[in-house]
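Undergrad: With the sequence up front, the predicted model follows.
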Amino acid sequence: MQTAAKVRKQFLLEPGKIEMVRRVTHAATDTEAINKALDMVIANAEIHKTFRSVKGKCKIEDVFNRLSD
């Protein structure tokens, strides 16, 4: 991913969620954890968009039922 300008934001987040994200992403800091989580959400959205675009054009088995909506 390309490095972009950084902006300062303030959010009220649940500490337990931040800690869980830090563990899942193996992040050293809260900021790193949140950036990694945002990257994962963006990647999942792009994957979902790609699958939607090929749905019906080839044989893809939707074993996680992610294309039903």
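TA: That came in fine, so what should we check first?
Undergrad: biggest helix in this protein, by residue count?
TA: helix 30-54 (DSSP state H).
Undergrad: Let me see the mean pLDDT of that helix.
TA: For helix 30-54, mean pLDDT is 90.
Undergrad: That helix packs against which elements?
TA: Helix 30-54 sits against helix 15-25, with contacts defined as 3 or more CB pairs under 8 Å, 6 or more residues apart in numbering; DSSP states H and E. (C-beta placed from N, C-alpha, C; glycine too.)
Undergrad: now the helix it packs on and helix 30-54, what's the angle there?
TA: Following axes from the mean of the first three to the mean of the last three CA atoms, to 10 degrees, one obtains 70 degrees for the angle between helix 15-25 and helix 30-54.
Undergrad: Run a quick neighbour tally on residue 34.
TA: 19 (other CB atoms under 10 Å).
Undergrad: Then the one 4 residues further on?
TA: When neighbours are defined as other CB under 10 Å, residue 38 has 10 of them.
Undergrad: same thing with residue 40?
TA: Going by other CB under 10 Å, the residues that sit close to residue 40 add up to 13.
Undergrad: any idea how far it is from residue 56?
TA: 27 Å (CB to CB, to the nearest Å).
Undergrad: cool, residue 32 as well?
TA: For residue 32 relative to residue 56 (CB to CB), the value is 39 Å.
Undergrad: Those two: who's more crowded?
TA: residue 32 (14 against 9).
Undergrad: Which residue is the nearest non-sequential neighbour of the more buried one?
TA: Leaving aside its chain neighbours, residue 32 sits nearest to residue 25 (7.5 Å; criterion: CB to CB, 6 or more residues apart in numbering).
Undergrad: pretty sure the one you found is touching residue 37, no?
TA: Yes - Residue 25 lies in contact with residue 37 (CB atoms under 8 Å); the separation is 6.4 Å.
Undergrad: then stretch 42-57 to PDB, C-alphas only?
TA: Output of stretch 42-57 as PDB, limited to C-alpha atoms (Å, rounded to 0.1, in the frame of the first residue of the first chain):
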ATOM      1  CA  ILE A  42     -10.100  -2.400   2.800                       C
ATOM      2  CA  ALA A  43      -8.500  -5.700   1.400                       C
ATOM      3  CA  ASN A  44     -11.700  -7.700   2.300                       C
ATOM      4  CA  ALA A  45     -13.900  -5.100   0.600                       C
ATOM      5  CA  GLU A  46     -11.700  -5.400  -2.600                       C
ATOM      6  CA  ILE A  47     -11.800  -9.200  -2.400                       C
ATOM      7  CA  HIS A  48     -15.600  -9.100  -2.000                       C
ATOM      8  CA  LYS A  49     -15.900  -6.700  -5.000                       C
ATOM      9  CA  THR A  50     -13.800  -9.000  -7.200                       C
ATOM     10  CA  PHE A  51     -15.800 -12.100  -6.200                       C
ATOM     11  CA  ARG A  52     -19.000 -10.200  -7.000                       C
ATOM     12  CA  SER A  53     -17.700  -9.200 -10.400                       C
ATOM     13  CA  VAL A  54     -16.900 -12.900 -11.400                       C
ATOM     14  CA  LYS A  55     -20.000 -14.500  -9.800                       C
ATOM     15  CA  GLY A  56     -21.800 -16.400 -12.400                       C
ATOM     16  CA  LYS A  57     -18.900 -16.200 -14.900                       C
END
